[in-house]
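Novice: Structure for this input, please:
(2 chains)
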2 protein chains.
Amino acid sequence: MESKNTFNYKMTLAYDGTHYCGWQIQPNGITIQEILQNAIKIILKEEVAIIGSGRTDAGVHAFGQTAHFKHTTEINLYRFQASLNGVLPYDIRVKQIEFVPLDFHAQYSAIGKTYQYHLYLDRVQMPFCRLYSWHVHEKINLELLKEGASLFLGTHDFTSFANEAHAGCAAHDPIRTLKRLDIIPEEGGVCLEVEADGFLYKMVRNIVGTLVEVSSGKRKPSDIPRIFADKDRRLAGFAAPPQGLFLMRVDYP
Amino acid sequence: MESKNTFNYKMTLAYDGTHYCGWQIQPNGITIQEILQNAIKIILKEEVAIIGSGRTDAGVHAFGQTAHFKHTTEINLYRFQASLNGVLPYDIRVKQIEFVPLDFHAQYSAIGKTYQYHLYLDRVQMPFCRLYSWHVHEKINLELLKEGASLFLGTHDFTSFANEAHAGCAAHDPIRTLKRLDIIPEEGGVCLEVEADGFLYKMVRNIVGTLVEVSSGKRKPSDIPRIFADKDRRLAGFAAPPQGLFLMRVDYP
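Specialist: Now for the predicted structure:
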């Protein structure tokens, strides 16, 4: 039971996932959730449980991950943010902290998410992009990329594009609605920006891997509807590597 | 004496300086020059001496460093570049290799250089910029920054803005001509782009350090002409940290 004096804090976070084993606490490596909980414990002198909007895998980055935690103390938000950023390593930053209603839940209240995936297409990858993009060596046909991307839009059963979640994660309804899959030209390549009401495990990286196969001529765009229909993960392309992926935004009502 | 069968190779290089002790070979740490020479030795089965356009310090990056080396074999440029990038770590990349006349010298033939320095000014620095910009916590007045920058333009004796070079480096003529010092707004802050016929040791970082003192109100713009006149390094500001600095381009006739 929550007392009257419970406050719910929503944090917006940016992190460079290069040196972490992903978001979620696990026994075999350092995770962002663990580092954050430890930092909050240093400041509040108390354990808190931070709940994120969802996991990000090892090597995946966030520009706008969200998380919430509850605490009985009303904390000065500006000072708390400054203290946290003072304690945290420079590759994890708290962009914002705000009070939210007690029923706000970073994961269950979310109604949409936006990811970016950066494909580096030039022959020589600039070293500053090596941790933040996938250097694709195949020649990419942008028309095929556009055609392939359009076939993912709308409401589908994404079973074929979802890896099995870790043990302990209940299987969810595999129906998702992709609102956008934009192809944005950028220095050295393209950025794929994808927005949906939610994503299954490894869904973005599996879509990107399949799109690279389609746009490099290894598969036909017409394979995509068939892969959807067969609901078999083994039919889709391999997962694109993690370092090109950024969780950009989590939307709430 | 160079035989008729000597070929002069010019390389254009990009590197992330984070993990290196600068460009120039030294006994106490791994440098970019050393890694490059080792990579070339693996491919050509022979020692070569690579001469860069100039040093970059530990932590400083390059988008367009240049270097040359001579060799008696005419090498297929496309394949050589691909092999080198195959052997080099991903934080050092060969962007281009070309044949140049035998009298081309990466350092002595240079007639100009362009550097960028990235100042991160927002309260929270995005983690992806932490290795590529200086997070300035003071409030920066952009009008003062512009006024200060304009006072560096033109031909000056830059003695007050040059650190003493390492032992073994002859003191050079301290007169340099700054052609441009542009202030370009960018995500989170500003980029200072500075072009000159040449730069003294730590000159860009000393100029940037002084400009940050001027634009944060610690000094007056009118201090700058006085610092020039006194020709005393101790009068200028501290050097800005290395990670914001990029060697962008070296110009030749």
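Novice: Name the residues of chain A found near chain B, please.
Specialist: By Cβ under 8 Å from any Cβ of the partner chain, the residues of chain A that approach chain B are A:14-16, A:61, A:63, A:81, A:85, A:90-95, A:124-128, A:130, A:132. C-beta coordinates here come from the backbone N, C-alpha and C atoms, glycine included.
Novice: buried subset of those residues?
Specialist: Among these, the ones that count as buried by 16 or more other Cβ atoms under 10 Å in any protein chain shown are A:14-16, A:61, A:63, A:81, A:85, A:91-95, A:124-128, A:130, A:132.
Novice: Across the sheet, point out what pairs with residue A:134.
Specialist: residue A:119 (DSSP bridges).
Novice: What residues does it make contact with?
Specialist: Counting by Cβ atoms under 8 Å, 6 or more residues apart in numbering or on different chains, residue A:134 touches A:117-120, A:208, A:240-241, A:243-244.
Novice: now the residues you listed in CSV, with pLDDT and neighbour count?
Specialist: Listed next are these as CSV, based on pLDDT from 0 to 100; neighbours: other Cβ atoms under 10 Å in any protein chain shown:
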residue, pLDDT, neighbour count
A:117, 98, 24
A:118, 98, 23
A:119, 98, 23
A:120, 98, 22
A:208, 97, 27
A:240, 97, 23
A:241, 97, 15
A:243, 98, 21
A:244, 98, 27
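Novice: what's the burial count for residue A:175?
Specialist: For residue A:175, the count of nearby residues is 13 (other Cβ atoms under 10 Å in any protein chain shown).
Novice: Need the nearest residue in space to it, chain neighbours excluded.
Specialist: residue A:157 (5.5 Å; Cβ to Cβ, 6 or more residues apart in numbering or on different chains).
Novice: Also residue A:197?
Specialist: Computed as Cβ to Cβ, 6+ apart, the closest residue to residue A:197 that is not its neighbour in sequence is residue A:177, at 4.9 Å.
Novice: what bits of the stretch 1-150 of chain A have low per-residue confidence?
Specialist: Applying pLDDT under 70 to the stretch 1-150 of chain A picks out residues A:1-4.
Novice: how about residue A:152, what does it touch?
Specialist: Contacts of residue A:152 (Cβ under 8 Å, 6+ apart): A:178, A:181, A:194, A:207, A:224.
Novice: Now it: which helix or strand?
Specialist: Using DSSP states H and E, residue A:152 is not contained in any helix or strand.
Novice: Give me the buried stretch members for stretch A:98-109, please.
Specialist: A:100, A:104, A:106, A:109.
Novice: could those be laid out in a markdown table, adding secondary structure?
Specialist: Formatted as a markdown table, these follow (DSSP: H, G, I helix; E, B strand; the rest coil):
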| residue | secondary structure |
| --- | --- |
| A:100 | strand |
| A:104 | coil |
| A:106 | coil |
| A:109 | coil |
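Novice: And chain A, what are its domain boundaries?
Specialist: For chain A, automatic domain parsing gives the domain ranges A:7-100, A:112-251.
Novice: Can you give me the end-to-end span of the first one?
Specialist: In this case it means domain A:7-100. 8 Å (Cα to Cα, to the nearest Å).
Novice: so where do the strands sit in chain A?
Specialist: A:7-15, A:51-52, A:61-71, A:92-100, A:112-120, A:134-135, A:154-157, A:175-186, A:189-196, A:245-251 (DSSP state E).
Novice: so which of the ones you listed comes closest to residue A:38?
Specialist: strand A:92-100 (10.9 Å; Cβ to Cβ).
Novice: Show me what the closest one packs onto, helices and strands only.
Specialist: Using 3 or more Cβ pairs under 8 Å, 6 or more residues apart in numbering or on different chains; DSSP states H and E, the elements in contact with strand A:92-100 are strand A:7-15, helix A:32-44, helix A:77-87.
Novice: Enumerate the positions of the last one that are buried.
Specialist: By neighbour count, with 16+ other Cβ under 10 Å as the criterion, the buried positions of helix A:77-87 are A:80-81, A:83-85, A:87.
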